[in-house]
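Build the 3D model from these lines:
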Amino acid sequence: MAPETSGTSTPIRKEHRSQRAGFMRAFAMPFRPGPATVAGVSMLCLLIGLLYLALEIRTIFSDQMKQEYAGLVLEAAQRAEGARNRVGVWQQLSDGDVAKPEGYRQARADLAAHLASLAALVNASPFDAPRIPGWVVLPDASLQNTDALLNQALTYWTAQRDRDSADVRTRIFRVAAVLIALAALVSGILITALAMYTKRTLHLAGQSQKFEHAATHDAMTGLPNRRKLIDTLEEAVAWSAAEPVRRKIAVLYVDLDGFKRVNDSLGHHAGDEFLVAVSRRFRQSVRRTDVVARIGGDEFAVLVREFSTHAELGEIARRLIACVTEVDAQMGNGLVRASIGIASFPDPVNDYHRLLAAADETMYQVKRNGKNGYAFTVRGN
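The predicted structure follows:
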């Protein structure tokens, strides 16, 4: 008799086979890292490499310091050895030589001084090194002990200098190799990852420029605002101070007389059109190097970066007044004129921080004296 089979066994086996096939397909899918993964791996490699380089460079500086210190000790040992040789020369002289006692004592004193300098260097060494006992450097110390000391010092510190020099060369070679490897490994990955973000970076840069322009310019007229004017004034003063002969700078502070009546009688829309038209005329009437700014409301300022005489400033003021009169006539108002105060640096205003305020004060003097004109600041503020 044939064995009985369960009716549910076949569906279960099919389900298991389907699950196994799904797992196999999942593992068989190739791993494709995205831009963020690529950038992350590259930055990790770069950080690890930089950390290794920092440690190696720190060790190189330490070894170089050891090498230089060893050089100082060797120089002191060589000077002491020279003094020891001079002592030997005096020893070889005949006892009948009248200069021998004094010369020999002087040579021993020089030797003791050089040995003391050598001992000070060796014993103050920040590195592990054989120390020199004090009794070896006494003036009456045995010359045999001195010779042994000098031989030991020269041998040890020469070997130490050579070891440090070899270590520095080895580490420099490692640093160069790591730099080459990092450049080959990271440069391609970084270039690929950075290229993917170039478009976004350019977009952000454009947005940043727009924000910067909005922060430093008047939204309605497009003129620089007070902040931009002050920054430009500081740049002009710095530029002038760098010249062999300081150039004179001036500010013309302009206030529109009767402008409030335009807003009151014709509405703010007409007032805005008037300000835009006047701003355009102001820009056209001054030189390219000069800056027209809207300070606020119906107040403007013109920064003259360079001038020779007050007559030039007077001509600019008359052109600005004419601009206001022409715009007012074109719009058929017959209401608006201009009062202008002029202040110059460094004479009479010797502090450029007060230049704008001085021009403003002078403008109010013009208003008190009948308006529709200009005046110069006659004293420093």
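
mind checking the longest helix of the protein?
helix 143-216 (DSSP state H).

helix or strand right after it?
Next in sequence after helix 143-216, counting helices and strands by DSSP states H and E, comes helix 226-241.

Distance from the chain centre to the longest helix of the chain, please.
Taking Cα atoms, centre = their mean, to the nearest Å, one finds helix 143-216 lying 20 Å from the centre of the chain it belongs to.

Also stretch 237-248?
Here the centre of stretch 237-248 is set off from its chain's centre by 25 Å, with Cα atoms, centre = their mean.

Go through that stretch and flag the buried ones.
By neighbour count with 16 or more other Cβ atoms under 10 Å, stretch 237-248 contains the buried residues Val237, Ser240, Arg247, Lys248. (Glycine included, C-beta is placed from N, CA and C.)

Could you export the residues you listed to a markdown table, including columns for pLDDT?
Below are those laid out as a markdown table (pLDDT from 0 to 100):
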| residue | pLDDT |
| --- | --- |
| Val237 | 92 |
| Ser240 | 85 |
| Arg247 | 88 |
| Lys248 | 93 |
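
Pick out whichever of the residues you listed sits closest to Gly134.
Proximity of the buried residues of stretch 237-248 to Gly134 (Cβ to Cβ) peaks at Val237, which lies at 66.1 Å.

what residue ranges in the stretch 101-250 of the chain score low on pLDDT?
Counting by pLDDT under 70, the ranges of the stretch 101-250 of the chain that qualify are 190, 193, 196, 203.

Tell me how far the spatially most central residue of the chain lies from Val254.
The residue lying closest to the centre of the chain (Cα atoms, centre = their mean) is Glu235, at 19.0 Å. According to Cβ to Cβ, to the nearest Å, Glu235 and Val254 sit 21 Å apart.

Could you do Arg58 as well?
Distance of Arg58 to Val254, given as Cβ to Cβ: 62 Å.

more neighbours, the two?
The residue with more neighbours, out of Arg58 and Val254, is Val254; 27 against 10, by other Cβ atoms under 10 Å.

Tell me how many other residues surround the spatially closest residue to the more buried one that is not a sequence neighbour.
Closest residue to Val254 apart from its sequence neighbours, by Cβ to Cβ, 6 or more residues apart in numbering: Phe300 at 4.2 Å. Phe300: 27 surrounding residues under other Cβ under 10 Å.

For Phe300, list each beta-bridge partner.
For Phe300, the beta-bridge partners under DSSP bridges are Val254, Arg294.
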